[in-house]
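> pasting the structure only:
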């Protein structure tokens, strides 16, 4: 449960008479979340609430530390009116992005500004106990490095490299995460640090991070990660679409025209991943050239060296991925498709293949203003998304109203 307080070095504000409580306080706060300072009169005009009601809710938000005075507005005669704005330093959140062999954790304020960061070579196969123990230690070190108190931490967001039931935070049959199946990750983390913990799969948090950092004004975005596996994070109407069980965007297991009898790790044949994932491309090049490539990094190195066979294979992978993205473009009509993941680092050849098919196979109206672009956030997309997920929870109307009710009660 959220227990918000100011972090300017003062103690938690005690409940006092006259503070607004419960539903309604968040209505005013949501008007200030964009960071633009406003006066009480402006807030009353926009919200339609009485000035006395707005004043009481501002007092509550200031007592919680979430809103602070900001300079002063120009006077039209008489005393200059006070401006109020979001106080991003009120609390901090941790965002963690775990890959197969790496971990990246950041500490940010409520505006997403990074305060401290730690990276570690860490195998997810080490198991949940080892990984979570490291995470807890890293978060404590980041708090100390940023000069923040443990009680300043409001939430932790985590991205994992496998399917996750977001509502419970449990990984479900993750293929590269032995020992993690159906583990209650939030409860495990809370044994070390007692704050709200939110967990999602890596591509969903990459989509959140890419939008937060690079495309904040785009409400319909599709992030496609192309690496060992292939998946997508879908943002529609400004909201991440997870689906009923959290499997929305699993493009890697869509059957594609050239799939044939290629066996996929999911047990089916003809899946996109079995044709265009990193190991599949390495295997295709081994057949063509007699090489001994093992995965994405070997393919990328060959492409960057100008190897024509590798470029040809990667371009065809782009076409195969484009077949599936074209279907998605017709179905959900994004305005931006972002291509990320390790194989996107090989240059424009993958994107060229994707664009070739998408712009040919999709409806003209769907592609009239469609942009297909490489990730601008790179490896930081995941950790930025994990932080954004935690901030969204901390600043949600439900959390703000619950905190105000506790403060007033």
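Nice, I can see it. Quick caveat, the model's predicted, so the values are computed rather than measured.
> show me where the stretch 201-350 of the chain has helices.
Assigned by DSSP state H, counting those that start in this stretch, the helices in the stretch 201-350 of the chain fall at 202-214, 272-276, 278-289, 296-304, 308-332, 348-361.
> Okay, now the unreliable bits of this protein?
1-23, 71-81, 409 (pLDDT under 70).
> do you know how far residue 133 is from residue 191?
Here residue 133 is placed at a distance of 10 Å from residue 191 (CB to CB, to the nearest Å). For glycine as for every other residue, the C-beta is placed from the backbone atoms N, C-alpha and C.
> Could you list which residues are in contact with residue 161?
Listed by CB atoms under 8 Å, 6 or more residues apart in numbering, the contact set of residue 161 reads 98-100, 124, 174, 176-177, 201-202.
> Could you identify the buried members of those?
98-99, 124, 174, 176-177, 201-202 (16 or more other CB atoms under 10 Å).
> So which of those belong to strands?
98, 201 (DSSP state E).
> quick one: which of the buried ones among the contacts of residue 161 is nearest to residue 281?
Among the buried ones among the contacts of residue 161, residue 176 lies closest to residue 281 (CB to CB), at 17.7 Å.
> any idea how far the closest one is from residue 160?
10 Å.
> which residues are common contacts for the two?
residue 124.
> ok, back up a step: got a markdown table for the contacts of residue 161, with distance to residue 392 too?
Supplementary listing: those in a markdown table, determined by distance: CB to CB, whole Å:
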| residue | distance to residue 392 |
| --- | --- |
| 98 | 20 |
| 99 | 23 |
| 100 | 27 |
| 124 | 25 |
| 174 | 24 |
| 176 | 27 |
| 177 | 25 |
| 201 | 17 |
| 202 | 18 |
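> Have a look at residue 133 and residue 191 and say which one is more surrounded.
Counted by other CB atoms under 10 Å, residue 133 and residue 191 do not tie: residue 133 has more neighbours, with 16 against 11.
> Backbone dihedrals for the more buried one, please?
phi -60, psi -40 (degrees, to the nearest 10).
> So the nearest residue to it once chain neighbours are set aside, which state does it fall into?
Once flanking residues are discounted, residue 133 sits nearest to residue 192: 7.2 Å by CB to CB, 6 or more residues apart in numbering. What DSSP: H, G, I helix; E, B strand; the rest coil gives for residue 192 is coil.
> Beta-bridge partners for the closest residue to residue 84 other than its chain neighbours, please?
Distances taken as CB to CB, 6+ apart place residue 67 nearest to residue 84, at 5.3 Å, with adjacent residues excluded. Bridge pairing for residue 67 (DSSP bridges) gives the partners residue 86.
> The stretch 101-250 of the chain: strands as residue ranges?
Secondary structure of the stretch 101-250 of the chain (DSSP state E, counting those that start in this stretch): strands at 102-109, 114-121, 153-160, 164-165, 170-171, 197-201, 221-226, 230-236, 239-241.
> I'd like to know which of these lies nearest to residue 341.
Across the strands of the stretch 101-250 of the chain, closest to residue 341 is strand 221-226 (CB to CB), at 3.9 Å.
> Run through who's touching the closest one.
In contact with strand 221-226 (CB under 8 Å, 6+ apart) are residues 202-203, 206-207, 210-211, 215, 230-235, 251, 276-277, 317, 321, 325, 328-329, 332, 334-344, 350, 375, 381.
> mind listing what it pairs with, with the direction of each?
In its sheet, and by DSSP bridges, strand 221-226 pairs with strand 230-236 (antiparallel), strand 336-340 (parallel).
> what about residue 24, distance to residue 53?
8 Å.
> Isn't residue 25 up against residue 401?
Yes: proximity of residue 25 to residue 401 meets the contact threshold set by CB atoms under 8 Å, at 5.8 Å.
> who has more neighbours, those two?
The residue with more neighbours, out of residue 25 and residue 401, is residue 25; 28 against 20, by other CB under 10 Å.
> Enumerate every residue touching the more buried one.
For residue 25, the contact set (CB under 8 Å, 6+ apart) comprises 57, 60-61, 400-401, 404.
> could you redo the last one with a cut-off of 6 Å?
By CB atoms under 6 Å, 6 or more residues apart in numbering, the residues touching residue 25 are 57, 60, 400-401, 404.
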